[in-house]
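Asker: got a sequence here, can you model it:
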Amino acid sequence: MEDHQYSVANTTEKRKIDMRSAISIFFTLLCSISVFSQTAAFTNVNVIPMDRERILLDQTVLVRDGVIVEVGKKVKIPNDALKIDGKGKYMIPGLVDMHTHLLSDGDNYPDSIAEDELRVMVANGVTTIRFMIGTPEQLILRARSAKGEIAAPTIFSASPHLTGREQGNNFVVKTADEAREAVRKSKAAGYDFIKITTFIDAPVYEAAVDEAAKQNIRVVGHADSRFVTVERAWKARQQIEHLDGYMELLLADDAPMKGSVSDLYISDPKNWESLDYINEKKIAEVARKTVASNPFVNPTQHFMKNSFGLPRSEESIRSQPDFRFYPAKVQENYLNFYKRSRLMQVPVEKRARWVAVREKMIKAIYDAGGKIMAGSDTPEFLWLYGFAMHHELKALNEAGLPAYAVLAAGTRNAHEFFGTLDKVGTIEKGKRADLILLDANPLDDISNTKKRAGVMLKGKWYPQSQLDKWLDQIAPKIAGALLPEEKK
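Answerer: Numbers count the residues shown, from 1 in each chain. From the prediction side, this is the model:
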């Protein structure tokens, strides 16, 4: 009898669970439909289409089923369409962050915060991202985003990084066979790119590049100046991050050192002495060779410039709008870094010189026909994804790129790199409706990308008031998500 009662109770509970599952599935489907099936019309909006440098004044942009169906002055608006007043406002394509990570990628935070992390990006106008160190969880998030199950950017994910030393979430590759196996595993798992980092011997790197070509998957990442070198990466036509290895290329022929200030070697004050031997006359030739090899360059300039170059005070850090998203312990650790790091031994003037050389290199690559892309390299050093994208746009502008070129770096150039420009990245009929509505013209001041009236993600409209509420709700959740053992 007791067994029977237990069985009945179990059956009843199972029905409740099944009902909850059915409701959950229904709302997931409803959410998916709402993402892709909303009809909306932006009226009287000034459109910066990014097909070429121009502004289309007082346009109507009609969106249906996640796609732009019409752009023009005389557009018939369906009666059931959501109307969004764009008078005096400016529309640009959604931003693309070409180098980002999640706090939840590591072991210090639970995977459960990942969806909120992605919403922070959307709230800042980022509608496409490239994760630069892959995890299996990212592949799940990529699929859920594509299906419209979560409010998240479109996701591309590079592989766990190939390195010569254990660094966490990586493939340690010390032989050609290990490199080839890592590439095959990454391709089979479904990653979009092979990520290269540091300490990889040249023959091992070349085996990885060769296997990637066989597997039809591109290689991206670092050009470790002590191992791979930029010249070898150029030969492989690798897409290079951070301008890694470039300072070494600019050393005078009679410089007493071969190493300079790139990648892992930034933190040693002795390496900064190399800046006294930089020959800026080499910049033009290095830029030309870069573009000839692979025109797509992602310097992550803001991260480099403002994390290691320019002085950063505790007051300025605490005043950042993204500071509140970090747990107190993380805040304290980074604040202490800036107080105690050996990097602080490097004179401010020398660090400013480093920034200036990097800016000249970025401008030279652009002038040579390079396709500069925008990447935040967040969430390290108290720069948070989403927020930092706008810092990156400003940093590229400060490097000498005109505002339109900066917008291209943050939008269409990345889609050209991905091979998706026929589907998204400009504001044209037939393109995916990833859009940002701005209160001011970004061609007048690139910082106007922060003055958002709202974001359209895959055809779903989110007014900025709603996005700001997201941020207010998410900040304490992420700040409180540090795993218990990490709080000690």
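Asker: hey, where'd the helices end up in the stretch 251-400 of the chain?
Answerer: 283-293, 301-304, 314-318, 328-340, 348-367, 387-398 (DSSP state H, counting those that start in this stretch).
Asker: got any ranges where the stretch 51-200 of the chain has weak pLDDT?
Answerer: Along the stretch 51-200 of the chain, no part satisfies pLDDT under 70.
Asker: format the helices of the stretch 251-400 of the chain as CSV; extra columns: distance to Ala213, mean neighbour count and mean pLDDT.
Answerer: To be clear about C-beta, it is placed using only N, CA and C from the backbone, and glycine gets the same treatment. As requested, the helices of the stretch 251-400 of the chain are exported to CSV (distance: least, Cβ to Cβ, whole Å; neighbours: other Cβ atoms under 10 Å; pLDDT from 0 to 100):
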stretch, distance to Ala213, mean neighbour count, mean pLDDT
helix 283-293, 15, 17, 98
helix 301-304, 30, 24, 98
helix 314-318, 44, 12, 97
helix 328-340, 40, 14, 94
helix 348-367, 25, 19, 97
helix 387-398, 31, 24, 98
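Asker: quick one: which of the ones you listed is nearest Gln138?
Answerer: Gln138 lies closest, by Cβ to Cβ, to one member of the helices of the stretch 251-400 of the chain: helix 387-398, at 18.4 Å.
Asker: rewinding a little: got TSV for the helices of the stretch 251-400 of the chain, with distance to Thr198 too?
Answerer: Converted to TSV, these look like this (distance: least, Cβ to Cβ, whole Å):
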stretch	distance to Thr198
helix 283-293	20
helix 301-304	16
helix 314-318	27
helix 328-340	20
helix 348-367	19
helix 387-398	23
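Asker: how about the helix or strand containing Lys214: buried residues?
Answerer: Using DSSP states H and E, Lys214 falls within helix 202-215. Within helix 202-215, the residues that count as buried by 16 or more other Cβ atoms under 10 Å are 204-209, 211-212.
Asker: show me what it packs onto, helices and strands only.
Answerer: Contacts defined by 3 or more Cβ pairs under 8 Å, 6 or more residues apart in numbering; DSSP states H and E place helix 202-215 against helix 176-189, strand 193-196, strand 218-221, helix 230-236.
Asker: could you rerun that using 10 Å?
Answerer: strand 161-163, helix 176-189, strand 193-196, strand 218-221, helix 230-236 (3 or more Cβ pairs under 10 Å, 6 or more residues apart in numbering; DSSP states H and E).
Asker: rebuild these as a markdown table, extending it with mean neighbour count and distance to Lys339.
Answerer: Below are these laid out as a markdown table (neighbours: other Cβ atoms under 10 Å; distance: least, Cβ to Cβ, whole Å):
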| stretch | mean neighbour count | distance to Lys339 |
| --- | --- | --- |
| strand 161-163 | 26 | 30 |
| helix 176-189 | 18 | 39 |
| strand 193-196 | 27 | 32 |
| strand 218-221 | 24 | 31 |
| helix 230-236 | 19 | 34 |
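Asker: among those, which is nearest Asp445?
Answerer: Closest of the helices and strands packed on helix 202-215 to Asp445 is strand 218-221, at 31.4 Å (criterion: Cβ to Cβ).
Asker: tell me which residues are up against the closest one.
Answerer: Strand 218-221 is contacted from outside by 98-99, 130, 132-133, 158-159, 161-163, 183, 192-198, 200, 205, 208-209, 211-213, 228, 233, 236-242, 244, 294, 296, 298, 417, using Cβ atoms under 10 Å, 6 or more residues apart in numbering.
Asker: please state the offset of it from the chain centre?
Answerer: Distance, stretch centre to chain centre, for strand 218-221: 15 Å (Cα atoms, centre = their mean, to the nearest Å).
Asker: next one: stretch 262-274
Answerer: 25 Å.
Asker: for that stretch, measure first residue to last.
Answerer: Start-to-end span of stretch 262-274 (Cα to Cα, to the nearest Å) is 11 Å.
Asker: circling back: dump the helices and strands packed on helix 202-215 to JSON lines, plus distance to Val261.
Answerer: Below are these laid out as JSON lines (distance: least, Cβ to Cβ, whole Å):
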{"stretch": "strand 161-163", "distance to Val261": "20"}
{"stretch": "helix 176-189", "distance to Val261": "28"}
{"stretch": "strand 193-196", "distance to Val261": "20"}
{"stretch": "strand 218-221", "distance to Val261": "19"}
{"stretch": "helix 230-236", "distance to Val261": "14"}
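Asker: of these, which is nearest Asp444?
Answerer: Asp444 lies closest to strand 218-221 among these, at 33.5 Å (Cβ to Cβ).
Asker: pull up the pairing partners for the closest one, direction included.
Answerer: Partners of strand 218-221 in the sheet, by DSSP bridges, are strand 193-196 (parallel), strand 239-240 (parallel).
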